[in-house]
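Colleague: Below: sequence and its predicted model.
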Amino acid sequence: MTQHKELNLALVGYGYWGPKLARNINAIDGLNLYAIVDRSEDLLIKAKKQYSDAIAINDLELALNDDSVDALVLATPVDTHYPFAKKALLAGKHVLVEKPLCSSYQEAVELFDLARQVGKKLMVDHTYLYTDSVRKMKELVENGEVGNITYVDSTRINLGLFQHDVNVLWDLAPHDISITSYLIGKMPVMVQAFGAAHAKSNIENIAYLNIKFENELIAHFNCSWVSPVKIRHFMVGGDKKMILFNDLEATEKIRIYDTGYEVMNKDEQARLQVDYRVGDVHIPKIPSSEALFNMLEDFREFVVNDREPISSEAIAKDVVGILEMAEKSIKNNGEPVFAKNFVNI
Ligand SMILES: NC(=O)c1ccc[n+]([C@@H]2O[C@H](COP(=O)([O-])OP(=O)(O)OC[C@H]3O[C@@H](n4cnc5c(N)ncnc54)[C@H](O)[C@@H]3O)[C@@H](O)[C@H]2O)c1
């Protein structure tokens, strides 16, 4: 007996990330890899070899005009996301878009408003939100173990592929911003960034992003495609405990430090007395499920059962809004950009 498939998906873009999505779509009950769209004939031949039941087509319009297609999954370059997502929603399809959703906050607002108008679902693949490590960090924040978060600090550097359409922050920082937005749940007050383009283009290949939230909570993200070493460290500092998420560790990805400090004397005239606490380090056992599989299941539940996804509208908008502010700051030599002048918060 053939399994009932609830949703027919057309995957658009079969470059680097598309095949990973295809493999996971194929593994999920309730999702059917109905079509693969790419303008490269070579990639279509490769796709067809792997997924002989799927239709392989080189024109997005064919998928848009096909009534059997329920949803589009967009894994094309960032500058195509907005026009493709808009077309897909207007054609009555649900849309799952790769990170980042689009190139500006206004476009993000427009797309989510359009999705509501046409009664279709729009979700962004912020893959990290579906990793067991980030789930664990969220649990530690929510159950109060970390205490009040005072800082987030991330290093995401390696000898990376220079992108032709977006700078290193648009490429790498969506991960850090989406995790931060998920853990903290609010927009920042101010964004500041520095970056440099070393490849005879105006696309920055190295950048430092600083974000200030309310109540002295700050975040710093170091993103680079030109580092000799690969580092994926995401640190969350709380006033009770601190967490290090090292994504390059095979199994011990999360370390919880029972480390903290207490300021004993707050009298500004007197010398500050700080009492440090350096306690145990705990390495929790966490499962290792595949994030893309979890993300696609969340999308299916969103479409089929109207369940709010972990990768929410608010997070998708935060990511694009902060990236746009960061880009503006970079182009103005690190001048701070205030969120209240920029996004609807
Ligand atoms: N979630 C993650 O962790 C993650 C990781 C890598 C990439 N991504 C995202 O995935 C997206 C794609 O990145 P990539 O690295 O796979 O890029 P890529 O350049 O390797 O692949 C893009 C594919 O889109 C196809 N394409 C471009 N324009 C098209 C059009 N008009 N019609 C049909 N096909 C078209 C290209 O032929 C190419 O095969 C980006 O948004 C990127 O940010 C996400």
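Modeller: Arrived safely, thanks for sending. Numbers count the residues shown, from 1 in each chain.
Colleague: Nearest residue to Asp298 in space, please, no chain neighbours.
Modeller: Closest residue to Asp298 apart from its sequence neighbours, by C-beta to C-beta, 6 or more residues apart in numbering: Pro309 at 4.7 Å. Every residue, glycine included, has its C-beta placed from N, CA and C.
Colleague: Check the secondary structure at the one you found for me.
Modeller: Following DSSP: H, G, I helix; E, B strand; the rest coil, we place Pro309 in the coil state.
Colleague: what number of residues lie near Lys120?
Modeller: Using other C-beta atoms under 10 Å as the criterion, Lys120 is surrounded by 19 other residues.
Colleague: wait, is it part of a helix?
Modeller: No - assessed by three-state DSSP, Lys120 does not belong to a helix; its assignment is coil.
Colleague: Setting aside sequence neighbours, what's the nearest residue to it?
Modeller: With sequence-adjacent residues excluded and distances taken as C-beta to C-beta, 6+ apart, Lys120 is closest to His94, at 5.0 Å.
Colleague: who's that neighbour bridged to?
Modeller: His94 forms beta bridges with Ala71, as assigned by DSSP bridges.
Colleague: and it, how many neighbours does it have?
Modeller: 25.
Colleague: quick one: contacts for it?
Modeller: With C-beta atoms under 8 Å, 6 or more residues apart in numbering as the criterion, the residues that contact His94 are Leu7, Asp70, Ala71, Leu72, Lys120, Lys121, Leu122, Val303.
Colleague: Which one (most neighbours) among those residues?
Modeller: Each of these was scored by neighbours using other C-beta under 10 Å; the highest score is Leu72's, at 25 neighbours.
Colleague: Tell me who's in contact with it.
Modeller: Residues counted as contacts of Leu72 (C-beta under 8 Å, 6+ apart) are 9-12, 63-64, 84-85, 88, 93-96.
Colleague: By neighbour count, which of those wins?
Modeller: Counting neighbours by other C-beta under 10 Å, Leu9 comes out on top of the contacts of Leu72 with 31 neighbours.
Colleague: Helix, strand or coil: sort out that one for me.
Modeller: Per three-state DSSP, Leu9 ends up strand.
Colleague: Let's see the pLDDT reported for the residue nearest to Lys120.
Modeller: At His94, the model reports a pLDDT of 98.
Colleague: Next to the ligand, which bits of the chain? Give me the list.
Modeller: Residues of the chain lying close to the ligand by C-beta under 6 Å from any ligand atom are 12-18, 37-40, 43, 60, 75-78, 80, 98-99, 125, 127.
Colleague: quick one on the thing from earlier: which pair of the contacts of His94 spans the longest distance?
Modeller: Every pair in those was compared (C-beta to C-beta); the two farthest apart turn out to be Leu7 and Leu122, at 14.7 Å.
Colleague: what number of residues lie near the residue of the chain found nearest the ligand?
Modeller: Of all residues in the chain, Gly15 sits closest to the ligand, with a separation of 2.0 Å (C-beta to the nearest ligand atom). By the other C-beta under 10 Å criterion, the neighbourhood of Gly15 contains 12 residues.
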